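1. Based on what follows, work out the 3D shape:
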Amino acid sequence: MIHRNSPFRLLAAALAVLTLTLLAVMVPCEGEAHAAAPIKVACVGDSLTDGSKSSGGKKGDTAYPAWLGRILGSGYDVRNFGAAGDTLLRGTGWSYWDSAEFRQSKEFAPDIVIIMLGTNDSKDAYWNETLYRTEAKELVRVYRDLASRPVVYFASSPHSYRVAPGTKYVSVNSVNRLHPVQESLIRDERWNTIDLYAATANRRQLYDADGVHFNDDGYRFLAEQIAGVMHRSAQIIGSTGRERVIANETENGTTKRAGVEFGLTSQGTAAGNAGDSSDGNGDALRGSDAVVAVIAMLSAGITGAALVLGGRSRHARVEGVRSRPYSI
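-> Residues are numbered from 1 along each chain as shown. As a prediction, the model looks like this:
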């Protein structure tokens, strides 16, 4: 007699789930030849996202989001939600919170969000470190809590090369004052980040004559930096390249998938824990669920498809074949 919670019963259940899951993965729906929806990327920011001073104009084909879309390829839908002149702070008369772009970026239901806001906040007329910290944390939280559960990157503001007096201008000094605040936020909150401040050091040639906005080469450079970080963040499970898990958020060096914790070893392989765990929504998964998930992953050999079971993964999405070496 086999007890209800015996290992044999759990193994049988796991194999049944694995079989059904593999059939679902391998057999496409009628009219669908493994077609996968594009990964949606929302670029959130001010005029540096909008593309001001580029030859293509605002939200044109030489703004960094347009370059990013071309670099990433057809598997990605990259949208420009930049609002020129906007601040992260409320109450400035130019707050991103009040913009149409903010509303549209949420309606887009993005899978990935890239936030680059702070350059305008650094102006003497607006600067308030305490409020900036509060608003930055709130904005990241709002995007993370969207139903699409996007992965959020907070990009540090690029260097400024403008030397300007007065309180209403972005300047070298104002951005240099902003950067350590952004750096400490990113570190303390453990945010995913793209360090565009470091990337743009000693690169005055990439800027417009005003020393704040970029020329076409500069916007392309930003896109290359962002694409490089996104590429390195993508976790490839297995060696067949048949499935790809993108944009996993980590906590204490551990990536969570399907309610089971998989720590990456120094060789890049996954070590599973079949004990009680939690799914992406914070709900407890008892050992039986965890065993099913672990056996499914192990049965796939961690060399084929990485399976997300039961839609329980919050920060990982499995996409079809689109992986290729990062190139322009």
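2. Strands of this structure, residue ranges please.
-> Assigned by DSSP state E, the chain shows strands spanning 39-45, 76-82, 112-116, 151-155, 192-194, 244-246, 250-251, 254-257, 260-264, 270-273, 277-278, 284-285, 317-319.
3. among these, where is the model least confident on average?
-> Looking at the strands of the chain, the lowest mean pLDDT belongs to strand 260-264 (a mean of 28).
4. For stretch 51-60, which residues meet the burial criterion?
-> 51, 52, 53, 54, 58, 59, 60 (16 or more other C-beta atoms under 10 Å). Glycine gets a C-beta too; all of them are placed from N, C-alpha and C.
5. Give me the residues contacting it.
-> 47, 50, 62-66, 80, 82, 84, 208, 210, 213-216, 219 (C-beta atoms under 8 Å, 6 or more residues apart in numbering).
6. Break this structure down into its structural domains.
-> What automatic domain parsing lists as the domains of the chain is 39-233, 235-319.
7. Mind telling me which of the ones you listed the model trusts least?
-> domain 235-319 (a mean of 34).
8. which residues sit in contact with the closest residue to residue 216 other than its chain neighbours?
-> Nearest residue to residue 216, sequence neighbours excluded (C-beta to C-beta, 6 or more residues apart in numbering): residue 62, at 4.6 Å. Residues near residue 62 by C-beta under 8 Å, 6+ apart: 51, 54, 55, 56, 216, 219, 220.
9. how near is residue 62 to residue 50?
-> In this view, residue 62 and residue 50 are 12 Å apart by C-beta to C-beta, to the nearest Å.
10. And residue 170, by the same measure?
-> 14 Å.
11. Quick one: the helices in the protein, in order.
-> In the chain, the helices defined using DSSP state H lie at 7-26, 47-50, 64-72, 100-107, 129-144, 172-189, 196-199, 216-233, 287-299.
12. Quick check: residue 36 touching residue 75?
-> Yes. Counting by C-beta atoms under 8 Å, residue 36 does reach residue 75; the two are 7.4 Å apart.
13. Of those two, which one has the most company?
-> residue 75 (17 against 14; other C-beta atoms under 10 Å).
14. if I read this right, that one contacts residue 37, doesn't it?
-> No. Distance between residue 75 and residue 37: 9.5 Å, which falls outside the contact criterion (C-beta under 8 Å).
15. burial measure for residue 168, as a count.
-> Residues near residue 168, counting by other C-beta under 10 Å, number 9.
16. Excluding chain neighbours, give the residue nearest to it in space.
-> Leaving aside its chain neighbours, residue 168 sits nearest to residue 125 (5.3 Å; criterion: C-beta to C-beta, 6+ apart).
17. go on, residue 147?
-> Nearest one to residue 147, counting by C-beta to C-beta, 6+ apart, is residue 109 at 6.8 Å.
18. contacting residues for the one you found?
-> 40, 146, 147, 148.
19. Name all residues that make contact with residue 162.
-> Contacts of residue 162 (C-beta under 8 Å, 6+ apart): 169, 170, 171, 172, 210, 211, 212.
20. Residue 89 versus that one, what's the distance?
-> 20 Å.
21. Which strand residues bridge the residue nearest to residue 229 when sequence neighbours are not counted?
-> Closest residue to residue 229 apart from its sequence neighbours, by C-beta to C-beta, 6+ apart: residue 194 at 4.8 Å. Note on residue 194: beta-bridge partners by DSSP bridges are residue 155.
22. correct me, but residue 194 touches residue 227?
-> No. Counting by C-beta under 8 Å, residue 194 stays clear of residue 227, with 9.8 Å between them.
23. Which residues are in contact with the residue nearest to residue 191 when sequence neighbours are not counted?
-> Using C-beta to C-beta, 6+ apart and skipping the chain neighbours, the partner closest in space to residue 191 is residue 154 (4.6 Å). By C-beta under 8 Å, 6+ apart, the contact set of residue 154 is 115, 136, 140, 182, 185, 186, 191, 192, 193, 194.
24. which pair in these spans the largest distance?
-> 136 and 194 (14.7 Å; C-beta to C-beta).
25. Columns distance to residue 94 and mean neighbour count on top of the helices of the chain, output as CSV?
-> Listed next are the helices of the chain as CSV, based on distance: least, C-beta to C-beta, whole Å; neighbours: other C-beta atoms under 10 Å:
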stretch, distance to residue 94, mean neighbour count
helix 7-26, 48, 14
helix 47-50, 11, 26
helix 64-72, 20, 23
helix 100-107, 12, 16
helix 129-144, 13, 16
helix 172-189, 16, 17
helix 196-199, 21, 19
helix 216-233, 21, 20
helix 287-299, 47, 21
